[in-house]
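Novice: Build me a model from this:
(one chain, ligands or ions: 1)
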Amino acid sequence: MATTRETLKVRPAPVSIHTECSTEALRQAVLNNLVYMQGRYQEIATPYDWYMALAYSVRERLLERWVETALTYAGHDVKVACYLSAEFLIGPQLGNNLINFGLEAAAREAMQGLGQDLDELMMLEEEPGLGNGGLGRLAACYLDSLATLQVPAIGYGIRYEFGIFDQEIHDGWQVEVTDKWLQRGNPWELAHPDICYYVNFGGHTEAYTDEQSRYRVRWWPAHKVKGIAYDTAILGYHVNTCNTLRLWKSQAVESFDFQDFNVGDYYGAVHEKVRSETLTKILYPNDEPEIGKRLRLAQQYFFVSCSLQDMLRLFDKKRENIERFPQLFAAQMNDTHPAIAVAELMRLLVDERLVPWDEAWDITQRTLAYTNHTLLPEALETWGLPLFGSLLPRLLEIIYEINYRFLEQVRQRYPGDDARVARMSMIDEGGEKRVRMANLATVGSHAINGVAALHSTLLKQTVLHDFAELWPERFFNVTNGVTPRRFVVLSNPSLTQLLHETIGDDWIVNSSHLRELENHVHDASFQERWRLVKRHNKEVLAALIRRRTGISVDPAALFDIQVKRIHEYKRQHLNALHVITLYARLRRNPGLDITPRCFIFGGKAAPGYRMAKLMIRLVTGIASVVNGDALIRDRLKVVFLPNFDVKSAHAVYPAADLSEQISTAGKEASGTGNMKFTLNGALTIGTLDGANVEIREEVGADNFFLFGLTTEQVNQLRTQGYRPRDYYERDDELREALDLIASGAFAGGDTDVFRPLIYHLLYHDSYFLLADYRAYVEKQAEVDRAFHDTSRWTRMSILNTARAGKFSSDRSIAEYCSTIWRTPPVPVQLDK
Ligand code: F58
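Specialist: Purely as a prediction, here's the structure:
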């Protein structure tokens with residue numbers, strides 16, 4: 001029988017201290033948890049103890065909704081959207097949960113009554129850095145929107161013990177420090193050791209015929225690992241829906257080591273235990289090739305297998321025929337990291353449930369969908385065949401079978417077109433044979449999408465061209481979005497208050513209602529309040545900068561911000577060239593009248609990406625020269641804000657006047673930081689890349705600083721032979737800026753440090769900085785003039801927020817739900 005409320009014999013009666021939301025109940029709960037969860041009494045409690053006690057008190061309040069949500073889903077014929085992602089960058093939980101719950105005011109008051117400041121406690125929270133950047137943060141925004149839209153959903157991923165490294169800056173260079181986010185405990189997760197699955201690795205396979213004369217394959221693994229579920233509640237905004245983020249931690253399978261494998265070999269068994277538990281130890285940074293490859297593939301298979309087994313277990317509870325699986329579960333593959341799901345679902349169906357191949361294939365395709373997040377060839381995942389075959393022998397056989405059947409179809413459709421067959425194959429046979437995960441994901445999915453209109457178009461023209469030709473109806477675009485709860489309500493309370501007083505609160509869940517702000521754009525007193533909000537946020541960021549770097553910046557200056565992973569294609573060094581150009585102008589002409597600017601950079605470089613690390617060194621080098629030059633008289637300030645993460649993002653986006661979105665056209669799939677800036681009233685200087693295109697369409701060309709080559713122009717220039725040095729020769733200011741770098745001026749006179757960077761720019765410049773430099777610098781001059789006209793700038797800023805509604809992740813999720821997953825909302829009732 002399916003689980004329903006009635007079948008649950010014992011249902012604990014709600015105890016007010018655990019569920020009530022009054023200030024007094026919360027205060028009681030905190031005091032209680034201080035003792036019973038933290039083991040501390042008031043007199044000796046540290047602020048962190050208070051944070052933990054409050055966090056537990058909030059979690060208790062989530063539990064009622066969490067349980068009720070699970071019961072609702074279990075008891076009805078609901079379809080669940082499963083978001084498979086190797087990364088979830090969920091950020092700090094306390095503030096967001098308070099807001100979504102509507103508990104913030106009570107918590108503030110309760111803590112005040114206990115002599116604690118809520119904002120200070122929130123700052124103590126260690127965020128789970130379980131992602132690298134945009135892709136992981138997108139997954140987290142999507143969970144927030146799914147819950148808010150009351151759509152049944154589960155996020156499935158990996159509980160890394162060490163998330164993305166902490167970045168420190170030593171002598172201007174990035175230094176990576178391990179992230180020990182679990183050191184002081186994680187009050188937001190619940191371990192469920194009873195929800196666990198076994199995952200095979202290595203060994204060999206064996207074909208045989210079973211008693212009913214069926215062809216079967218047995219996988220004899222070399223070892224098994226157990227996956228344990230750790231759940232985090234994802235509460236929607238002002239609704240009862242509380243979905244689950246389920247992350248898998250690896251554990252050794254004791255019995256396996258001791259009995260089957262290493263009989264009598266105690267130390268061998270311990271070693272095996274350590275090995276199994278290494279699996280979910282660390283998050284891989286998006287790095288240069290090869291290191292840790294085997295472990296990363298093992299991580300991918302591990303979390304995908306646990307997740308699919310979990311979905312099948314939940315499905316089994318419904319006592320339905322397996323053919324209905326796609327009607328009850330949709331699984332979205334967030335990039336190719338979970339693409340092994342195609343083969344694993346086939347294995348679970350064919351090998352373990354004896355579903356005939358064709359039926360299993362139909363189920364698999366109807367269940368899975370794939371989102372692509374990159375066109376960069378070096379970022380497309382492939383795995384060498386020897387590695388793949390030795391780690392996942394059965395999966396490789398299944399991929400071969402899928403590939404064989406698929407290529408037959410291609411041959412029939414395009415007779416004699418061997419080149420096409422080779423391109424579409426799941427196995428790349430040019431050079432060392434490799435498994436192509438994007439091809440596997442595409443063939444195994446009923447829907448494939450890019451993450452912004454331009455990106456989806458380019459995807460169909462380039463990386464997946466042959467597939468789009470074969471199955472045009474399977475290709476979609478879903479432009480990314482970001483959650484306005486975290487990125488406006490939580491991180492920009494002043495703006496939220498102003499919006500509340502001006503247009504009400506409906507925009508928080510109906511973001512298109514931000515348009516109502518347009519009625520106030522010419523209202524001088526509203527403009528003034530708008531400016532005060534921005535000014536306040538800039539003061540907050542200035543204080544953070546001062547604490548973290550010792551640099552003082554003037555909140556009256558134009559805050560020009562670029563925060564994102566450091567990468568050549570994102571072109572932080574183009575921004576740096578602009579800074580140097582302004583610096584050189586002021587040095588030449590100290591009386592020059594320029595708009596005071598504060599350039600703020602933030603972002604991590606992959607530990608093995610030398611050029612990216614050099615870019616950071618360039619920015620810090622410029623910062624120390626410019627900030628220390630008396631002649632500049634503080635008209636320019638340069639800051640590298642270390643360790644950009646979700647928590648610091650809360651202070652950064654609301655404080656920006658100008659958002660730098662300057663990637664080489666065609667390279668940034670979407671970008672999501674661009675959306676966070678726009679929602680918070682920053683103006684963008686940007687190229688026609690990723691979602692910038694749509695942001696400009698929405699906010700209007702007059703309210704966007706566009707510059708640079710288009711994707712077509714970049715491609716044309718590349719084909720006709722790009723000679724970056726010509727730009728250097730022809731443009732005096734460009735030459736001056738590059739020569740200044742080469743002179744060692746930003747490296748204490750050392751002329752070697754930036755040599756690789758200069759050399760690359762002059763003779764390769766794969767990302768067309770020199771070609772875009774002049775247009776960029778000129779557009780920046782226009783920014784200066786616009787900022788000078790305060791009232792005009794304010795109007796443009798208001799219009800950016802007013803017209804940013806499209807970029808709420810609620811819109812993106814509504815599109816996924818209606819066109820790809822077909823998952824209607826299922827409201828949850830609390831029976832009080
Ligand atoms: C990002 N990808 C895209 N990958 O670069 C960005 O344009 C887009 O807005 C975002 O996805 C969301 O769609 C991205 O963040 C990674 O971090 C990978 C993680 C795993 C290793 C390789 C990079």
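
Novice: ok, residue 408 - how many residues close by?
Specialist: Neighbours of residue 408 under the rule other C-beta atoms under 10 Å: 11. Backbone N, C-alpha and C define where each C-beta goes, glycine included.

Novice: got a list of what it touches?
Specialist: Under the criterion of C-beta atoms under 8 Å, 6 or more residues apart in numbering, the contact list for residue 408 is empty.

Novice: Kindly report the residues of the stretch 551-700 of the chain close to the ligand.
Specialist: 668-672, 690 (C-beta under 6 Å from any ligand atom).

Novice: Get me the contact residues on this protein for the ligand.
Specialist: Checking the chain against the ligand by C-beta under 6 Å from any ligand atom, the hits are 132-135, 138, 286, 373-374, 379, 451, 480, 668-672, 690.

Novice: The residues you listed, buried ones only, as a ChimeraX selection?
Specialist: Per 16 or more other C-beta atoms under 10 Å, the buried members of these correspond to this ChimeraX selection:
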select :132,133,134,135,138,286,373,374,451,480,668,669,670,671,672,690
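
Novice: Which member of the residues of the stretch 551-700 of the chain next to the ligand is positioned nearest residue 753?
Specialist: residue 668 (27.7 Å; C-beta to C-beta).

Novice: So the closest one lies in a strand, does it not?
Specialist: No. Assessed by DSSP: H, G, I helix; E, B strand; the rest coil, residue 668 does not belong to a strand; its assignment is coil.

Novice: Give me the distance between it and residue 717.
Specialist: Distance of residue 668 to residue 717, computed by C-beta to C-beta, to the nearest Å: 18 Å.

Novice: And for residue 723?
Specialist: Taken as C-beta to C-beta, the span from residue 723 to residue 717 is 10 Å.

Novice: One more: residue 700?
Specialist: Taken as C-beta to C-beta, the span from residue 700 to residue 717 is 29 Å.

Novice: what's the answer for residue 108, then?
Specialist: From residue 108 over to residue 717 (counting by C-beta to C-beta), the distance is 56 Å.

Novice: Please apply the same query to residue 737.
Specialist: The value you get for residue 737 to residue 717, if C-beta to C-beta is used, is 21 Å.

Novice: Between these two, which is the more surrounded one?
Specialist: Taking other C-beta under 10 Å, residue 737 and residue 717 do not tie; residue 737 has more neighbours (23 against 14).

Novice: Next SSE downstream of the helix or strand bottoming out on mean pLDDT in the chain?
Specialist: The weakest-scoring helix or strand in the chain, judged by mean pLDDT, DSSP states H and E, is helix 254-255 (a mean of 67). If you walk from helix 254-255 toward the C-terminus, the next helix or strand you reach (DSSP states H and E) is helix 266-278.

Novice: ok, residue 348 - contacts?
Specialist: 308-309, 312.

Novice: which ones among those residues are found in helices?
Specialist: Among the contacts of residue 348, the members falling in helices (DSSP state H) are 308-309, 312.

Novice: So which of those residues wins on neighbours?
Specialist: residue 308 (27 neighbours).

Novice: Distance check, it against the ligand.
Specialist: Distance of residue 308 to the ligand, computed by C-beta to the nearest ligand atom, to the nearest Å: 20 Å.

Novice: Surely that residue and residue 343 touch.
Specialist: No. At 10.5 Å, residue 308 does not count as touching residue 343 under the criterion of C-beta atoms under 8 Å.

Novice: Excluding residues flanking it in the chain, which one is nearest the residue of the stretch 401-550 of the chain found nearest the ligand?
Specialist: Residue nearest to the ligand within the stretch 401-550 of the chain: residue 451 (4.1 Å; C-beta to the nearest ligand atom). Nearest non-adjacent residue to residue 451, counting by C-beta to C-beta, 6 or more residues apart in numbering: residue 670, 4.0 Å away.

Novice: Could you pull up the residues touching the one you found?
Specialist: Here residue 670 is in contact with 134, 373, 451-452, 455, 479-480, 690-691 (criterion: C-beta under 8 Å, 6+ apart).

Novice: Keep only those of the residues you listed that are in helices.
Specialist: 134, 455.

Novice: Compile the contacts of residue 670 into TSV and extend it with columns for pLDDT.
Specialist: As requested, those are exported to TSV (pLDDT from 0 to 100):
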residue	pLDDT
134	98
373	98
451	98
452	98
455	98
479	99
480	98
690	98
691	98
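
Novice: Nearest to residue 530, out of the contacts of residue 670: which one, please.
Specialist: Once C-beta to C-beta is applied, the member of the contacts of residue 670 that ends up nearest residue 530 is residue 691, at 24.2 Å.

Novice: For burial, what's the neighbour tally of the closest one?
Specialist: 29.

Novice: That one and residue 671 touch, don't they?
Specialist: Yes. Residue 691 is in contact with residue 671 according to C-beta under 8 Å; the separation is 5.4 Å.

Novice: Could you name every residue contacting both of the two?
Specialist: 452, 480.

Novice: Show me the helices in the stretch 251-400 of the chain, by range?
Specialist: With DSSP state H, counting those that start in this stretch applied, the stretch 251-400 of the chain shows helices at 254-255, 266-278, 293-316, 325-328, 341-347, 357-367, 385-391, 393-413, listed in chain order.

Novice: so where is the stretch 201-350 of the chain shaky, pLDDT-wise?
Specialist: 255-263, 287-292 (pLDDT under 70).

Novice: In it, what residue lies closest to the ligand?
Specialist: Counting by C-beta to the nearest ligand atom, the stretch 201-350 of the chain gets nearest to the ligand through residue 286 (3.3 Å).

Novice: list the contacts for that residue?
Specialist: 132-133, 379, 565, 606.

Novice: okay if I get these as CSV plus pLDDT?
Specialist: CSV is the format used below for the contacts of residue 286 (pLDDT from 0 to 100):
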residue, pLDDT
132, 97
133, 97
379, 85
565, 98
606, 96
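
Novice: show me where pLDDT drops low in the protein?
Specialist: For the chain (pLDDT under 70), the answer is 1-15, 255-263, 287-292, 832.

Novice: if we go to 50?
Specialist: 1-3, 5, 7-14, 260 (pLDDT under 50).

Novice: Look at the spatially most distant residue from the centre of it and tell me its secondary structure.
Specialist: Ranking residues of the chain by C-alpha distance from their mean position (C-alpha atoms, centre = their mean) puts residue 211 at the top, at 48.9 Å. What three-state DSSP gives for residue 211 is coil.

Novice: Quick check: residue 636 touching residue 581?
Specialist: No. Here residue 636 lies out of contact with residue 581, judged by C-beta under 8 Å, at a distance of 10.8 Å.

Novice: neighbour-wise, which of these two wins?
Specialist: residue 636 (24 against 19).

Novice: Now do the phi/psi pair for that one.
Specialist: phi -120, psi 140 (degrees, to the nearest 10).

Novice: now residue 592
Specialist: Taking degrees, to the nearest 10 as the convention, residue 592 sits at phi -50, psi 140.

Novice: Please apply the same query to the one 10 residues further on.
Specialist: Here the main-chain torsion angles of residue 602 (degrees, to the nearest 10) amount to phi -160, psi 150.

Novice: That one: neighbour count?
Specialist: There are 22 residues near residue 602, going by other C-beta under 10 Å.

Novice: who's it bridged to?
Specialist: residue 563, residue 641 (DSSP bridges).

Novice: chain center to stretch 30-38, what's the gap?
Specialist: 34 Å (C-alpha atoms, centre = their mean, to the nearest Å).

Novice: which residues touch it?
Specialist: With C-beta under 8 Å, 6+ apart as the criterion, stretch 30-38 contacts 17, 40-42, 45, 49-50, 52-54, 56-57, 60, 110-111, 114, 187.

Novice: Tell me which of the residues you listed fall in helices.
Specialist: Using DSSP H, the contacts of stretch 30-38 in helices are 17, 49-50, 52-54, 56-57, 60, 110-111.

Novice: out of these, who has the most neighbours?
Specialist: residue 53 (28 neighbours).

Novice: Nice, that's everything, thank you.
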